[in-house]
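A.B. asks: Just a sequence and a predicted model for now, questions to come.
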There are 2 protein chains.
Amino acid sequence: MTGKIIGVGVGPGDPELLTLKALKVIREAKVIAYPSIETGESFARNIVKEFMSKDVLEIPIKIPMVESRFPSQLIYNSASDEIATHLKREVNVIVLCQGDPFFYGSFMYLFSRFAGKYPVEIIPGISSLNACSAVSQRPLCSRLESLSVIPGGMDDEAFLKQLEKEDAFAIMKVGRNIAKIKRLLEQKGMAKRAVYVSHATLPNQLVLPLAEAPETAPYFSMILVPSKDEYVIY
Amino acid sequence: MTGKIIGVGVGPGDPELLTLKALKVIREAKVIAYPSIETGESFARNIVKEFMSKDVLEIPIKIPMVESRFPSQLIYNSASDEIATHLKREVNVIVLCQGDPFFYGSFMYLFSRFAGKYPVEIIPGISSLNACSAVSQRPLCSRLESLSVIPGGMDDEAFLKQLEKEDAFAIMKVGRNIAKIKRLLEQKGMAKRAVYVSHATLPNQLVLPLAEAPETAPYFSMILVPSKDEYVIY
């Protein structure tokens, strides 16, 4: 018998978008791990801090905020060792994941270390895709339409290949790729119906036509390209 | 001043996957609309019925369960008229949406009738994509990989064009398209790493390698194709 590692999606930012199931396991948790910046500050923890028990043991996984951080194998190895000591003592370990654990989340790096060795549970969360679509009121696609989710950091050739398809697109992790993304969408005649969203569901949320988007975008930003102009209702 | 129409995502089936925000608006609701089959039975309503006020006014939107039902314009026109009478009396109307309202949901048909005319709010829900990924423990993609969401009903040519891309795929609305989907994935050498999921998060949930999937799939089923064989951990 060992404890279980539970990847918990905590949604895009608004604590009200936590699920009842996530709330329950967070309240009951004895050990909670989460990604953080080097100071220990954690976006995922901030979302749920009001629900955490006072005497919970915290494991911040401090990932340097530099582009080359993927995959920070040594940091994940060390965090995994610490998590494993609790699992071996039959204590469950909760891992907080902003958005959804398996939707471009760093939880992957822990999952790959524990899957098949310890019991793993995943509690899905509201992803940034659904959050951005909701706050910008953009129904992305319906019926027989496809949706492509593209990371903003893809190189030009691969990115343009994605845009060859028709229908709708969601471009994740816009950040410092925004100028490139604008250029490629303009090249494909898709820029006009694109919408820029940053910090969805948070007090500093921004929803703008792509043309009015800032030149420097934060990490938590997304560009949605609905399949048809008529889905763009201002 | 009018009431507001609120599209509320109620998640994939497990009532515990409702968000705190959805729970709040459902408990406070005076008028709740939802899609149902002709008998009035509703999957979305079943998820949240324990939270609905006893004296709530219900508007079942009865959509015949036939392939040609999209878009059942007359039924949505009539439901919209009924909803509008409440909005005009400054009463908010909640519309229950299984999964997420804007992720292939029928809420689109109401949204297109109300957007720009009445205040609309969207509360995102856990989508079937995130639910199926969680219960099958399949991290679909990460880092610089793309994800394509493809409706199972697409014709062969369009479907194969989608599969031309690399990375990960999620095939929605499998249902009676399963034989065709299997054939096309085999043709592309992708069948072996594909996983079949039906009724995710419900007591009758099934997670199977695609090869063992039933010949007749229910409407609520999905096929996930991770980007790499190594993401498939049994």
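C.D. replies: Right, received. Where do you want to start?
A.B. asks: Export only the CA atoms of the helix-or-strand element of chain A with minimal mean pLDDT, formatted as CSV.
C.D. replies: In chain A, no helix or strand scores lower on mean pLDDT, DSSP states H and E than helix A:156-163, which sits at a mean of 87. Written as CSV, here are the backbone C-alpha positions of helix A:156-163 (Å, rounded to 0.1, in the frame of the first residue of the first chain):
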residue,chain,number,x,y,z
ASP,A,156,7.1,29.3,-38.8
GLU,A,157,7.0,26.3,-41.1
ALA,A,158,5.2,24.0,-38.7
PHE,A,159,2.9,26.8,-37.7
LEU,A,160,1.9,27.6,-41.3
LYS,A,161,1.3,23.9,-42.0
GLN,A,162,-1.2,23.9,-39.1
LEU,A,163,-2.9,26.9,-40.6
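A.B. asks: so after that helix, what's the next helix or strand?
C.D. replies: strand A:168-172 (DSSP states H and E).
A.B. asks: so that next one versus helix A:156-163, what angle?
C.D. replies: 140 degrees (axes from the mean of the first three to the mean of the last three Cα atoms, to 10 degrees).
A.B. asks: Give me the residues contacting strand A:168-172.
C.D. replies: Strand A:168-172 is touched from outside by A:104, A:128-129, A:132-133, A:140-141, A:145-152, A:162-163, A:181, A:190, A:222-227, with contacts defined as Cβ atoms under 8 Å, 6 or more residues apart in numbering or on different chains. Where C-beta positions appear, they are placed from N, C-alpha and C, glycine not excepted.
A.B. asks: Just checking: what are the partner strands of that strand?
C.D. replies: Partner strands and pairing direction for strand A:168-172 (DSSP bridges) are strand A:147-151 (parallel), strand A:221-225 (antiparallel).
A.B. asks: which residue is nearest the centroid of chain A?
C.D. replies: The centroid of chain A falls nearest to residue A:99 when counting by Cα atoms, centre = their mean (4.4 Å).
A.B. asks: Tell me who's in contact with that one.
C.D. replies: If you count contacts by Cβ under 8 Å, 6+ apart, residue A:99 has them with A:9-12, A:105, A:125-128, A:131.
A.B. asks: Determine which two of those residues are furthest apart.
C.D. replies: The distance between the two most remote of these (Cβ to Cβ) is 14.0 Å, for A:105 and A:131.
A.B. asks: Skipping adjacent residues, who's closest to residue A:161 in space?
C.D. replies: Once flanking residues are discounted, residue A:161 sits nearest to residue B:165: 6.8 Å by Cβ to Cβ, 6 or more residues apart in numbering or on different chains.
A.B. asks: how many neighbours does that neighbour have?
C.D. replies: Residue B:165 has 18 neighbouring residues, counting by other Cβ atoms under 10 Å in any protein chain shown.
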